[in-house]
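A.B. asks: build the 3D model from these lines:
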Amino acid sequence: MSEPRKVAQQAAMQIAAGGSAGFVEVCLMHPLDLVKTRLQLQTRGTSLDPQFYNGVVDCLKKMYRHESFLSYWKGVVPPILAETPKRAVKFFTFEQYKKVFLFGSPTPTPVTFSLAGLSAGITEAILVNPFEVVKVSLQANKGKAPSTWSMTRQIVRDNGLWGFNKGMTATIARNGAFNMVYFGFYHSAKNYLPESQDPALEFFRKLLLGFVSGTMASCFNIPFDVAKSRIQGPQPASGVKYRSTVATMRIVVAEEGWRALYKGLVPKVMRLGPGGAVMLLVYEHAYAYLQERFPL
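C.D. replies: Below is the predicted model:
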């Protein structure tokens, strides 16, 4: 097989494995992403709302009572449409950026993994931001949810096509920070912890590393996530309150205290701890299967 064909086949396998990882993770973890967004959108002024949420369990209970069981998957279509190519882009570009950030080293270093993760996160953020705008708008709706298409048309009607770029800087900061820690820690720690010859122990080693990586990355990037939700979510009736990432974070701290920058951390960790582990496991197993099925 010629070298260009080998490169193309390897890229196709990375994209397919990454897309599979994204699809599985979204289907399993979307309800917790929705809870995270609902908690992040709450302000002190909404505390008298009967649908004000006092935590993850309370949110799940009230959503079930007022909006039905299927409401847990409100806004799931945009992530499914976005996450499959998004994760494909994330894992594929991460593999390519690793080659860029070797800095003369024969093998990847922790710096390589971190910078490649940061770059992959920025790349995926640019791709996924329009879907994030639609998703957050759907997740913020506490009544009968409009369809994805009708919400998309409403965004265009209210803000034009530029409306899909709302919160782009916050999305770039969120995804870049997450993937820098996520990939940087996982691959660096995996190289230091000895691989087990027992398949079950090796599975749990990777599962644990993926869980810790997703948890650490979630704790690191959540202030940007809160800013993104506020910018992309409903604005006060008096006008646009949340504009830029830094300005939004300052407003949140001034009005609600610094802890408000960590709103939604529990459901985020509940989702991206195990979700991060699921993604890496699905990707690595799918990629290994494709390499075996279609040897280069």
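
A.B. asks: any idea how far the residue nearest the centre of the chain is from Ile122?
C.D. replies: When CA atoms, centre = their mean is applied to the chain, the residue found nearest the centroid is Asn175 (6.8 Å). Distance of Asn175 to Ile122, given as CB to CB, to the nearest Å: 7 Å. All C-beta atoms are positioned from the backbone trio N, CA, C, and that covers glycine.

A.B. asks: now do Asn221
C.D. replies: Counting by CB to CB, the gap from Asn221 to Ile122 is 13 Å.

A.B. asks: also Trp73?
C.D. replies: 28 Å.

A.B. asks: neighbour count winner among the two?
C.D. replies: Ile122 (19 against 16; other CB atoms under 10 Å).

A.B. asks: torsion angles phi and psi at Pro108?
C.D. replies: With angles defined as degrees, to the nearest 10, Pro108 sits at phi -60, psi 140.

A.B. asks: report how many residues lie close to it.
C.D. replies: 16.

A.B. asks: can we start the residue count at 54 from this point?
C.D. replies: Renumbered: residue one is now 54, and that last one reads Pro161.

A.B. asks: so what's it closest to, chain neighbours aside?
C.D. replies: Lys151 (5.4 Å; CB to CB, 6 or more residues apart in numbering).

A.B. asks: any common contacting residues for Asn274 and Ile175?
C.D. replies: Common neighbours of Asn274 and Ile175 (criterion: CB atoms under 8 Å, 6 or more residues apart in numbering): Asn228.

A.B. asks: counting neighbours, what do you get for the residue nearest to Pro161?
C.D. replies: Lys151, neighbours per other CB under 10 Å, totals 19.

A.B. asks: over to Leu349?
C.D. replies: Neighbour tally, Leu349, other CB under 10 Å: 10.

A.B. asks: what about Arg283, how many residues nearby?
C.D. replies: Arg283: 26 neighbours (other CB under 10 Å).

A.B. asks: just the mean pLDDT for the helix or strand in which Leu334 is found, thanks.
C.D. replies: Leu334 is part of helix 318-346 when elements are defined by DSSP states H and E. What helix 318-346 shows for mean pLDDT is 86.

A.B. asks: now it: buried residues?
C.D. replies: 318-336, 339-340, 343 (16 or more other CB atoms under 10 Å).

A.B. asks: likewise stretch 278-290?
C.D. replies: Of the residues in stretch 278-290, those buried (16+ other CB under 10 Å) are Asp278, Val279, Ala280, Lys281, Ser282, Arg283, Ile284, Gln285, Gly286.

A.B. asks: rank these by pLDDT and give me only the lowest.
C.D. replies: Within those, pLDDT is lowest for Gly286, at 85.

A.B. asks: tell me which residues touch it, please.
C.D. replies: Contacts of Gly286 by CB under 8 Å, 6+ apart are Thr90, Gln93, Leu94, Val189, Ser190, Ala193.

A.B. asks: max pairwise distance over those: which two?
C.D. replies: Gln93 and Ser190 (13.7 Å; CB to CB).

A.B. asks: tell me where the stretch 104-253 of the chain has helices.
C.D. replies: Residue ranges of the helices in the stretch 104-253 of the chain, as given by DSSP state H, counting those that start in this stretch, are 109-120, 130-153, 163-193, 201-212, 221-245, 252-285.

A.B. asks: out of those helices, nearest to Val77?
C.D. replies: That would be helix 130-153 among the helices of the stretch 104-253 of the chain, by CB to CB, at 9.4 Å.

A.B. asks: next one: the closest one to chain centre, how far?
C.D. replies: Centroid separation between helix 130-153 and its chain, computed with CA atoms, centre = their mean, to the nearest Å, is 11 Å.

A.B. asks: what's the angle from that helix to helix 221-245?
C.D. replies: If you take axes from the mean of the first three to the mean of the last three CA atoms, to 10 degrees, helix 130-153 sits at 60 degrees to helix 221-245.

A.B. asks: elements contacting helix 130-153?
C.D. replies: helix 56-94, helix 163-193, helix 221-245, helix 318-346 (3 or more CB pairs under 8 Å, 6 or more residues apart in numbering; DSSP states H and E).

A.B. asks: pull out the buried residues from it.
C.D. replies: Using 16+ other CB under 10 Å as the test for burial, helix 130-153 gives 130-148, 150-151.

A.B. asks: got the angle for it vs helix 201-212?
C.D. replies: Using the same axes, to 10 degrees, one finds that helix 130-153 and helix 201-212 are set 80 degrees apart in direction.

A.B. asks: give me the contacts around helix 130-153.
C.D. replies: By CB under 8 Å, 6+ apart, the list of residues contacting helix 130-153 reads 64, 67-72, 74-76, 78-80, 83, 86, 161, 165-166, 168-170, 172-174, 176-177, 180-181, 184-185, 187-188, 191, 201, 232, 236, 332, 336.
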